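A.B. asks: What would the 3D arrangement of this be:
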Amino acid sequence: MAIDRRHLAMAAAVLAAVVVPVAAQPPQLAPEVERATVAPEGRSFVSTPADERAAMERFTTYTFALARRDFDAAYAMLRPTLQAASPRAEWIATLHARGALWADGTIRILRLTWYLDPAGQPPGVYAAFDFRGDRKDGTMDCGYIVVHRAAPGAAFTIVRTDTSEVPPDRMEEGVPRADVLHQLPCYLGKGIATDF
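C.D. replies: Residues are numbered from 1 along each chain as shown. Sure, this is the predicted structure:
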């Protein structure tokens, strides 16, 4: 039994070395992460630990693919309707144009919001991850990634992403300057603090 565990641990370490950039750390869904749930009137949804794990796994796999610059793998995780609206060549060209984005793979989740059957969207459960990334050069990335599961037990797919980039000269002590802050479409919440 000990041999099996040792082999399993070695295999896991090899896989981790393959899929995780050297500087990247898996984003954590820590207890202090803000959480919210939105459901249609008269209905409720309570996420389970399995829901969080599955949504988080898709989020992490996607962001690591971007950090590795493996745009083909990231594109394959998009919902087919999002792929249809964003042809592969254009989608990848846009990411190449933002060369440093995701480069160090270091982001923090600030808020997780669950949505049950939102109006105007395909039915199912959605999880929106608001995040902040801080690069070594002082640039801040912030934005959100939304994943969707059409039915219980189905895999989550990426349905929406939006990321803003704030260069170091627009930051003051780890916070976007006031003239930039109000223009950002991303949520910073507690993530605006610098003592994390």
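A.B. asks: would you list every one of the strands in the chain?
C.D. replies: Using DSSP state E, the strands assigned to the chain run over residues 34-38, 107-116, 125-134, 140-149, 157-166, 171-172, 175-176.
A.B. asks: quick one, phi psi at Gln121?
C.D. replies: phi -120, psi 160 (degrees, to the nearest 10).
A.B. asks: quick one: low-confidence ranges for this protein?
C.D. replies: Along the chain, the model assigns pLDDT under 70 to residues 1-28, 99, 101-105, 190-196.
A.B. asks: Redo the strands of the chain as TSV? Include mean neighbour count.
C.D. replies: To be clear about C-beta, it is placed using only N, CA and C from the backbone, and glycine gets the same treatment. Shown next, in TSV, are the strands of the chain (neighbours: other Cβ atoms under 10 Å):
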stretch	mean neighbour count
strand 34-38	13
strand 107-116	20
strand 125-134	22
strand 140-149	22
strand 157-166	17
strand 171-172	14
strand 175-176	18
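A.B. asks: now for those strands, which one comes closest to Ala73?
C.D. replies: Proximity to Ala73, assessed across the strands of the chain by Cβ to Cβ, is greatest for strand 157-166 (11.5 Å).
A.B. asks: residues making contact with the closest one?
C.D. replies: Contact with strand 157-166 is made by 58, 62, 74, 77-79, 81-82, 98, 101, 126, 139-149, 176, 180, 184-186, as judged by Cβ atoms under 8 Å, 6 or more residues apart in numbering.
A.B. asks: Could you rerun that using 6 Å?
C.D. replies: 62, 77-79, 82, 140-148, 176, 180, 184, 186 (Cβ atoms under 6 Å, 6 or more residues apart in numbering).
A.B. asks: One more: stretch 179-189?
C.D. replies: Counting by Cβ under 6 Å, 6+ apart, 34, 110-111, 130, 142-143, 164, 166, 170 sit against stretch 179-189.
A.B. asks: and it, C-alpha only, in CSV?
C.D. replies: Output of stretch 179-189 as CSV, limited to C-alpha atoms (Å, rounded to 0.1, in the frame of the first residue of the first chain):
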residue,chain,number,x,y,z
ASP,A,179,-8.9,58.8,-11.8
VAL,A,180,-8.4,55.2,-12.9
LEU,A,181,-10.3,53.4,-10.2
HIS,A,182,-13.8,54.7,-11.2
GLN,A,183,-13.2,53.7,-14.8
LEU,A,184,-12.4,50.0,-14.0
PRO,A,185,-15.1,47.6,-14.9
CYS,A,186,-13.7,45.1,-12.4
TYR,A,187,-14.6,44.5,-8.8
LEU,A,188,-11.9,45.1,-6.2
GLY,A,189,-13.8,44.9,-3.0
